[in-house]
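Q: just need the structure, nothing else, for what follows:
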Amino acid sequence: MTAPTYPALRLRPKANARAIRHGYPWVYQNELVLDRRARKIAPGGFAVLEDDARRPLGVVAVNTDSKISGRMLDRSATAVIDRAWMAERFRAALALRERLFDAPFYRLVHAEADGLPGVVVDRFGDTCIIQPNAAWAEVQIEALTAALAEVTGVATILKNAGGRTRALEGLDDEPAVLLGTAPDAPVPVPMNGATYMADLTGGQKTGLFYDQRPNHAFAASVARGARVLDVFSHVGGFGLACLAGGAASALAVDASGPALQLSRDGAEASGVADRFGTRKGDAFTVLEQLGTEGETFDVVICDPPAFAPTKAALDAGLRAYERVARLAAPLVAPGGVLGLCSCSHAADLSAFRATSARGIGRAGRQGRIIHQGFAGPDHPVLPQLAETGYLKALFFAL
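A: Numbering: from 1, shown residues only. I've put the predicted structure just below:
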């Protein structure tokens, strides 16, 4: 077969071609010459990116309707983006995860950091969930599905279409079963000695947050014999890990009834149901109530949703993180540990550390950082793209 000839897409003279040559994977709309020919490239199509002197930089996925109008796929201008190319990327991602983990429960593809921009794949044993968060991945979803099945051998592949990123790309929010049959019950996931129940069709994101795995493990290491409070607990992430590590008890707080039920099911499956309790309600309200009730815990962990998903939301997000710290710190017994987490890429580590310390101080407590954690190794960070290193976890001894 004759290799396809991709159209050219050219950078403006003042665009930062050097950053792209050095590994930056995104090309913004205002960096491109968007003439009539460029506008003819359908969203999700491929093009050869050129600098202003028409020197090729690589093959990009194009969506001129998006602020991120080009996503670097391959730095070879002669690359052919087809099922075989996708399978090679999946093989590299799988080889890394099989080196890291002894069971097939992990993030298999972390978008740009695994060379598949805008594509997230989480694996749950014999099932994979793919999030095609870029137009090219939606256009190529059949080829991606075939390549993923070929490489992993999984029986079921589901499409998750939630999240703001797809909306920014002009994509719909309709989930789908791409291969096999969707599971009709939550899937048990072993992690850090606990068993979590992941709802792969009705839960948040892909059903479980693998990124916190190493931070769950650290929390468990300081929770032996402790009373633990897990706020914004989802399916019991920190609480169940701490119980598996020898905590005396754990109380999970979340606004979602279904998530709390999954956490109780996980406690039952882990054999720790007699030491596990739940409390449904708004986290800020429950933190205030627990303070009024005079409750204290040896370990308190707060893992809220992204309060600062964009730069525009940063100031409000930092105030929310400060409030979490201010309300949580009084609940920590003297000599106890407070864990605070942020999954907002707009709030970098320095800003999150400062706002957390300020909240602790305003609660009349003093803290020393005993651990700084990040996402697990199945969420690799592309050094040129800060957004791939979004998760921060700070543990303070109070």
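
Q: the strands in the stretch 201-350 of the chain, which residues?
A: Taking DSSP state E, counting those that start in this stretch to define them, one finds strands in the stretch 201-350 of the chain at 227-231, 249-254, 276-280, 297-302, 332-342.

Q: of the ones you listed, give the one that comes closest to residue 201.
A: Distance to residue 201, taken as C-beta to C-beta, is lowest for strand 249-254 among the strands of the stretch 201-350 of the chain, at 19.1 Å. Quick note: C-beta positions are derived from backbone N, CA and C, even for glycine.

Q: rewinding a little: can you say which of the strands of the stretch 201-350 of the chain is nearest to residue 156?
A: For residue 156, the closest of those is strand 249-254, at 27.3 Å, according to C-beta to C-beta.

Q: tell me what the closest one is packed against?
A: Secondary-structure packing of strand 249-254 (3 or more C-beta pairs under 8 Å, 6 or more residues apart in numbering; DSSP states H and E): strand 227-231, helix 237-244, helix 257-270, strand 276-280, helix 283-292.

Q: which stretches of the stretch 1-150 of the chain have low pLDDT?
A: 1-3 (pLDDT under 70).

Q: break down it into its strands, ranges please.
A: 8-10, 26-28, 45-50, 56-62, 68-74, 105-110, 119-124, 127-132.

Q: picking up where we left off before, name the stretch among the helices and strands packed on strand 249-254 that sits most buried.
A: Each of those was scored by mean neighbour count; the highest is helix 237-244, a mean of 30, by mean count of other C-beta atoms under 10 Å.

Q: flag every buried residue along the longest helix along the chain.
A: When the chain is parsed with DSSP state H, its longest helix is helix 83-100. Going by neighbour count (16 or more other C-beta atoms under 10 Å), the buried part of helix 83-100 is 85-87, 89-90, 93-94, 96-97.

Q: what is the nearest of the residues you listed to residue 151?
A: residue 90 (4.1 Å).

Q: tell me the contacts of that closest one?
A: For residue 90, the contacting residues are 108-109, 147-148, 150-152, by C-beta atoms under 8 Å, 6 or more residues apart in numbering.

Q: ok, residue 68 touching residue 27?
A: Yes. Residue 68 is within contact range of residue 27, at 7.3 Å (criterion: C-beta atoms under 8 Å).

Q: more neighbours: which of those two?
A: Shown here are residue 68 and residue 27; by other C-beta atoms under 10 Å, residue 27 has more neighbours (25 against 19).

Q: beta partners of the more buried one?
A: Bridge pairing for residue 27 (DSSP bridges) gives the partners residue 70.

Q: got the phi/psi numbers for residue 346?
A: Dihedral pair for residue 346: phi -70, psi -20, per degrees, to the nearest 10.

Q: am I right that it is in contact with residue 308?
A: Yes. Using C-beta under 8 Å as the test, residue 346 is close enough to residue 308 to be in contact (4.4 Å).

Q: overlap in contacts, these two.
A: By C-beta under 8 Å, 6+ apart, the residues touching both residue 346 and residue 308 are 314, 317.

Q: please say which of these two ends up with more neighbours.
A: Taking neighbours as other C-beta under 10 Å, residue 346 and residue 308 compare with residue 308 leading, 24 against 20.

Q: not counting sequence-adjacent ones, nearest residue to the more buried one?
A: Distances taken as C-beta to C-beta, 6 or more residues apart in numbering place residue 317 nearest to residue 308, at 2.6 Å, with adjacent residues excluded.

Q: and that neighbour, how far from residue 303?
A: Separation of residue 317 from residue 303 (C-beta to C-beta, to the nearest Å): 15 Å.

Q: same check on residue 363?
A: 19 Å.

Q: who has more neighbours out of the two?
A: Between residue 363 and residue 303, counting by other C-beta under 10 Å, residue 303 is the more crowded of the two (25 against 20).

Q: isn't that one up against residue 232?
A: Yes. If you go by C-beta under 8 Å, residue 303 and residue 232 touch, sitting 4.9 Å apart.

Q: quick one: contacts of stretch 262-271?
A: Stretch 262-271 has contacts (C-beta under 8 Å, 6+ apart) with 186, 188, 193-199, 203, 233-236, 239-240, 243-244, 252, 254, 273, 275-276, 278.

Q: closest to residue 139 among the contacts of residue 90?
A: residue 147 (14.3 Å).

Q: contacting residues around that closest one?
A: 83-84, 86-87, 90.

Q: over to residue 201?
A: 158, 175, 182-183, 207.

Q: what does it show for phi and psi?
A: Torsion angles, degrees, to the nearest 10, at residue 201: phi -120, psi -30.

Q: distance of it from residue 182?
A: The value you get for residue 201 to residue 182, if C-beta to C-beta is used, is 5 Å.

Q: quick check: neighbours shared by these two?
A: Common neighbours of residue 201 and residue 182 (C-beta under 8 Å, 6+ apart) are residue 158.

Q: can you tell me which two in the buried residues of helix 83-100 are farthest apart?
A: By the measure C-beta to C-beta, 85 and 97 form the most distant pair in the buried residues of helix 83-100, at 19.6 Å.

Q: tally of neighbours for residue 304?
A: 18.

Q: isn't it up against residue 283?
A: Yes. Using C-beta under 8 Å, residue 304 is in contact with residue 283, at 6.8 Å.

Q: give the residues shared as contacts by these two.
A: 231-232, 324.

Q: checking residue 197 next. Helix, strand or coil?
A: Using DSSP: H, G, I helix; E, B strand; the rest coil, the three-state assignment for residue 197 comes out as strand.
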